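Peer 1: let me see the structure of the following:
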Amino acid sequence: MIKVISGEFKGRFLKTPKNIRPILAQIKKSLFDILTPCLKNSLFLDLYAGSGAVGIEALSRGAKFCIFIERERNSLSVLSENVINLKCQDRCYIIKSDILKDLIWIEKTKRILKEKFKREDFDIVFIGAPYVSNKIFNDEKKIFLTNMSLATIELISNSKILNSEGILVVQHSKREDINTQKFIMFRQEFYGETIVSFFRH
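Peer 2: Predicted structure coming up:
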């Protein structure tokens, strides 16, 4: 289990899906220390949401609404349970989708925002794509970089779902190439093998 660090749900525990590594407490604390000035009444998008720890922390610290996108059935079950336990169903929406393949989630998020807030974009988008995968060849397990982060950055740019003044946050491996012409990187934080990069238009 992991704990909500600050805000409305401070100290509450969240369940985590099996076989998924949750965001480390140190990284989450640093991330939200940076984002806190921008969170109040913001619209937040949590991609590759897993347990929902990032989006829930955003809601706890004052975000108005969060949409979670996740494809794994086990993660979706845990995420739904966490939202229900915190009684914040009216402030979020969960969409089951493969982010890079099933692009219907983009229009669905725009429709939800338009119905609720008369707009179609987010103030903060967080990408927590898995950046390694385990594959077995000839009975030997090997680890590969997935390079999903850059593809997701490109998708966010093309979909125009980030507000013109919004912030894109990407948690990724230091071995991943996330160089993009679509956004301007204005900050990076380093945590061993993991980097959190911050972008604007």
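Peer 1: quick one: the helices in this structure?
Peer 2: With helices called from DSSP state H, the chain shows them at 25-39, 53-60, 73-86, 104-117, 148-159.
Peer 1: Arg187: which of these is closest?
Peer 2: Closest to Arg187 of these, according to Cβ to Cβ: helix 25-39, at 7.3 Å. C-beta here means a position set from N, CA and C on the backbone, and glycine is covered the same way.
Peer 1: so for the closest one, mean pLDDT?
Peer 2: In this model, helix 25-39 has a mean pLDDT of 93.
Peer 1: can you check stretch 57-71 too?
Peer 2: In this model, stretch 57-71 carries a mean pLDDT of 97.
Peer 1: pull the residues that contact stretch 69-76.
Peer 2: With Cβ atoms under 8 Å, 6 or more residues apart in numbering as the test, stretch 69-76 has contacts from 17-20, 45-51, 79, 94-99, 102, 105, 109.
Peer 1: and with 10 Å instead?
Peer 2: With contacts defined as Cβ atoms under 10 Å, 6 or more residues apart in numbering, stretch 69-76 is touched by 16-20, 45-52, 55, 68, 78-80, 93-102, 105-106, 108-109.
Peer 1: show me which residues of that stretch are buried.
Peer 2: For stretch 69-76, burial by neighbour count (16 or more other Cβ atoms under 10 Å) applies to 69-72, 75-76.
Peer 1: where does pLDDT dip in this protein?
Peer 2: Residue ranges of the chain with pLDDT under 70: 132-146.
Peer 1: swap in 50 and give it another go.
Peer 2: Confidence mapping of the chain against pLDDT under 50 gives the ranges 135-137, 141, 143.
Peer 1: among the contacts of stretch 69-76, name the buried ones.
Peer 2: For those, buried by 16+ other Cβ under 10 Å: 16-17, 45-52, 55, 68, 78-79, 93-95, 97, 99, 105-106, 109.
Peer 1: got a list of what the residue nearest to Lys114 when sequence neighbours are not counted touches?
Peer 2: In space, and not counting its chain neighbours, Lys114 is closest to Glu120: 5.3 Å by Cβ to Cβ, 6 or more residues apart in numbering. Neighbour list for Glu120: 43, 106-107, 109-114, 159-161, 163 [criterion: Cβ under 10 Å, 6+ apart].
Peer 1: nearest residue to the middle of the protein?
Peer 2: The residue lying closest to the centre of the chain (Cα atoms, centre = their mean) is Asp46, at 3.1 Å.
Peer 1: do you know how far that residue is from Gln181?
Peer 2: Separation of Asp46 from Gln181 (Cβ to Cβ, to the nearest Å): 25 Å.
Peer 1: ranking the contacts of Glu120 by neighbours, who comes first?
Peer 2: Using other Cβ atoms under 10 Å as the neighbour criterion, Leu43 leads the contacts of Glu120 with 25 neighbours.
Peer 1: quickly note the distance from that residue to Arg12.
Peer 2: According to Cβ to Cβ, Leu43 and Arg12 sit 22 Å apart.
Peer 1: equivalent analysis for Asp102, please.
Peer 2: According to Cβ to Cβ, Asp102 stands 31 Å off from Arg12.
Peer 1: try Phe117
Peer 2: Distance of Phe117 to Arg12, given as Cβ to Cβ: 26 Å.
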